[in-house]
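Student: Got a predicted model here, sequence first, then my questions.
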Amino acid sequence: MERIPPLLKRLTALAVFAFLVLSAAASDPMDLGENVRQAFSRAGLPLAREKRPVIDFSLKLAGGGADGRTATLGDLKGKVVFLNFWATWCPPCRAEMPSMEILYRRFHGQGLELLAVDLMENSKTVSAFLSDNNLSFPAALDSNGRVGSNYGIQAIPATFIIDRDGKIILYTAGGRNWNTPAIIAAFEELLKHGN
């Protein structure tokens, strides 16, 4: 298996960064409604101005009896998807996980799916982490880092929010508390949209 050369990784990261900057400056607004846009802005998570396509993938799941089953991003179309890239050794990743769990439990029955993609760790390590931290959301294993590379991930945690049409509407890097009143209100608005 070939490793991606560092220069290609940097170019991919620059392309993702350019996509985000250009998305924010684009003139064609997304059809998400002003209430959704304002709610995310109040939460400190401004949405992109244009939707962008996802890069589909299928990965094995870890933890909670899911070991060996596969998650395919494309199968989640019709749901709002919280796609998070992380690793068990990453302190900001570990810190945000409890608030991600709260978000997942609160909105899972209302159309939110959360998929945490662990970068380059084994199933045993990830399963133990999920169990030890009482995390019930699905965790997928990007064992060779290819999916993370395809998404231009250079630092973790990194989160993409994908709308019901299967398009990326938000990207944010760094850990955060996902269980704030403003973020909860933003997801409430987003989940009402398109129902």
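Tutor: Done, it's in.
Student: Residues touching stretch 121-134, excluding its own?
Tutor: Stretch 121-134 has contacts (C-beta atoms under 8 Å, 6 or more residues apart in numbering) with 60, 62-64, 67, 87-89, 94, 97-98, 101, 118, 135-136, 139, 141, 143. For glycine as for every other residue, the C-beta is placed from the backbone atoms N, C-alpha and C.
Student: Buried ones among these?
Tutor: Buried members of the contacts of stretch 121-134, counted by 16 or more other C-beta atoms under 10 Å: 60, 62-63, 87-88, 94, 97, 101, 118, 135, 139, 141, 143.
Student: Where does confidence bottom out across those residues?
Tutor: pLDDT across those is lowest for residue 63, at 69.
Student: Report the beta-bridge partners for the residue nearest the centre of the chain.
Tutor: Nearest to the geometric centre of the chain sits residue 83, at 1.9 Å (C-alpha atoms, centre = their mean). Judged by DSSP bridges, the bridge partners of residue 83 are residue 115, residue 160.
Student: so it makes contact with residue 73?
Tutor: Yes - under the criterion of C-beta atoms under 8 Å, residue 83 makes contact with residue 73 at 7.3 Å.
Student: Would you mind listing the residues touching both of these two?
Tutor: 54, 115, 162.
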